[in-house]
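heads up, no residue letters with this:
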C-alpha cells in the first residue's frame with residue numbers, strides 16, 4: 001500500500017508541545033543532577049527523547065498535505081499559529097544543552113534558532129498589530145512567540161557565554177510578559193469563556209515567572225538575588241490558581257493539547273529546586289526538592305502515557321481504506 005500526499009493527516013502545530021514538554025522535564029532532571037546528585041543518565045535519556053520527538057514532528061509537519069501554502073495557512077491560524085514558536089524554542093533548548101558537550105556545534109544551533117525565533121516573533125507582533133482577532137481565539141499560547149521565545153533565548157545565550165545580549169532578550173521577554181499577559185488576563189476576565197479545548201493553555205499563563213527565573217539563574221550563575229525573591233513570589237501566585245482548576249482539568253476530557261501544561265510544570269520544578277538550593281534548608285530542602293521533581297515527572301509522565309493511549313485508540317478507530325495502487 002502506498003500513501004499518497006493527499007492521505008497524510010494534518011498535524012496541528014500544538015503537537016510541538018510534546019517535544020517542548022519533554023525538553024522541559026529533561027532540564028528538570030539535569031538540574032536535579034547538579035543540585036541533588038540525581039543520575040545524569042536520566043536527564044540525557046530525556047534530552048534524547050525530546051530531540052527525537054522534535055525531529056519527527058518537524059518532518060511530519062513539513063510533509064503535511066497542501067505543501068507550503070498549507071503551512072503558511074497554519075502559521076496564520078489565530079488559535080494554533082502561536083504554537084509554531086515551539087519549534088525553534090525546542091531547538092534552542094537542545095542546542096544549549098548540546099553546547100555543554102560540543103561547544104561549537106551547540107553555539108551554532110543556538111544562533112540559528114535565535115534567528116528563527118526573532119524573525120517569527122517580529123512577524124507575530126506585526127500580525128498582532130495589524131490583524132484584529134476574535135477574543136475567543138486568544139489563549140495562553142500567545143505568550144510563546146514573544147515571552148517564552150525571548151526568555152529561552154536569553155537562557156541559551158547565557159549558556160554559550162553571551163550574558164550582555166542575553167540581558168537584552170531577557171528584558172524583551174519581561175516587557176512582552178507585562179503587555180501580552182495583561183491583554184490575556186483582561187480577555188479571560190471579560191469573556192467569552194475559554195473553550196474546553198483550550199483550557200490546558202491556561203497553564204502557559206503561569207510559565208513566565210519560572211522561565212524568567214531559570215534564565216536569570218543561568219545568566220548570573222545561580223547567584224542569590226532579589227530578582228529570585230520577586231520571581232519566586234510571582235511563580236507561586238501564578239501556580240496556586242491551578243489548584244482550584246484541577247477539577248476542571250480532570251473532567252474536561254483528555255486531548256493532545258494537555259501537553260501545553262507540561263513545560264510550565266517542568267520549568268516551575270526546575271526553578272523550584274534551584275530556589276530550594278539557595279534556601280539552605282538542609283535535609284528538608286533535599287526532601288522537598290525530590291518531591292518537586294517527583295510531582296513534575298508524574299504530571300509529564302501521566303500526560304505522555306495518556307497520549308500513547310489516545311494514539312492507540314485513534315489508530316484502532318481509523319477506518320480501513322482500500323490499498324492505493326500506484327502504477
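Happy to help now that I have it. These figures come from a predicted structure and were not determined experimentally.

every contact and neighbour count from this point should use C-alpha atoms.
Noted.

quick one: the helices in the stretch 201-327 of the chain, in order.
Assigned by DSSP state H, counting those that start in this stretch, the stretch 201-327 of the chain shows helices spanning 208-219, 226-239, 241-251, 262-279, 283-317.

assign residue 145 to helix, strand or coil.
Secondary structure state of residue 145, per DSSP: H, G, I helix; E, B strand; the rest coil, is helix.

shouldn't it be in contact with residue 117?
Yes - Residue 145 is in contact with residue 117 according to Cα atoms under 8 Å; the separation is 7.4 Å.

which strands and helices sit next to the helix or strand of the chain with the lowest mean pLDDT?
Within the chain, no helix or strand scores below helix 67-75, which has a mean of 86 by mean pLDDT, DSSP states H and E. With contacts taken as 3 or more Cα pairs under 8 Å, 6 or more residues apart in numbering; DSSP states H and E, helix 67-75 sits against no other helix or strand.

touching that helix from outside, list them.
13, 62, 80, 81, 82, 84 (Cα atoms under 8 Å, 6 or more residues apart in numbering).

out of those, which are inside helices?
Counted as lying in helices by DSSP state H, out of these, are residue 62.

any of the contacts of helix 67-75 buried? List them.
Among the contacts of helix 67-75, those classed as buried by 16 or more other Cα atoms under 10 Å are 13, 80, 81, 82, 84.

please tabulate these in JSON lines, including the columns distance to residue 185 and pLDDT.
Formatted as JSON lines, the buried ones among the contacts of helix 67-75 follow (distance: Cα to Cα, whole Å; pLDDT from 0 to 100):
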{"residue": "13", "distance to residue 185": "24", "pLDDT": "91"}
{"residue": "80", "distance to residue 185": "19", "pLDDT": "93"}
{"residue": "81", "distance to residue 185": "20", "pLDDT": "94"}
{"residue": "82", "distance to residue 185": "17", "pLDDT": "96"}
{"residue": "84", "distance to residue 185": "22", "pLDDT": "96"}
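
could you single out the nearest of those to residue 304?
When the buried ones among the contacts of helix 67-75 are ranked by distance to residue 304 (Cα to Cα), residue 13 comes first, at 17.3 Å.

go ahead and confirm that closest one touches residue 85.
No - contact status for residue 13 versus residue 85: not in contact, 9.1 Å apart, counting by Cα under 8 Å.

before we move on, the earlier item: now, which of the contacts of helix 67-75 sits nearest residue 181?
The closest of those, once distances to residue 181 are taken by Cα to Cα, is residue 82, at 14.4 Å.

dump the residue contacts of the closest one.
75, 124, 141, 142, 144, 145.

please redo it, this time with the cut-off set to 6 Å
By Cα atoms under 6 Å, 6 or more residues apart in numbering, the residues touching residue 82 are residue 142.

gap between it and residue 33?
From residue 82 across to residue 33, the span is 33 Å (Cα to Cα, to the nearest Å).

also residue 73?
42 Å.

those two: who's more crowded?
residue 33 (16 against 12; other Cα atoms under 10 Å).

and the more buried one, what is it in contact with?
The contact partners of residue 33, by Cα under 6 Å, 6+ apart, come to 39, 40.

buried sites along the helix or strand where it lies?
If you go by DSSP states H and E, residue 33 is part of helix 17-35. Residues of helix 17-35 classed as buried: 17-33 (neighbour count, 16+ other Cα under 10 Å).

what about residue 186, neighbour count?
11.

let me know the average pLDDT across the host helix or strand of it.
Residue 186 belongs to helix 163-190 when assigned by DSSP H and E. The average pLDDT within helix 163-190 is 96.

from the contact counts, what lies against that helix?
Applying 3 or more Cα pairs under 6 Å, 6 or more residues apart in numbering; DSSP states H and E, one finds that helix 163-190 contacts helix 149-159.

how far does the helix it packs on sit from the chain's center?
Chain-centre distance of helix 149-159: 13 Å, with Cα atoms, centre = their mean, to the nearest Å.

residues in contact with it?
Contact partners of helix 149-159, identified using Cα under 6 Å, 6+ apart, comprise 96, 166, 169, 170, 173, 212, 215, 219.

ok, the third one - contacts?
Just to be clear, that refers to residue 169. 150, 154.

at 10 Å what do you get?
Neighbouring residues of residue 169 by Cα atoms under 10 Å, 6 or more residues apart in numbering: 118, 146-147, 149-155, 157, 163, 175.

residue 310 and residue 258 touch, don't they?
No - using Cα atoms under 10 Å, residue 310 makes no contact with residue 258, being 11.9 Å away.

any common contacting residues for these two?
Both residue 310 and residue 258 are contacted by residue 304, under the criterion Cα under 10 Å, 6+ apart.
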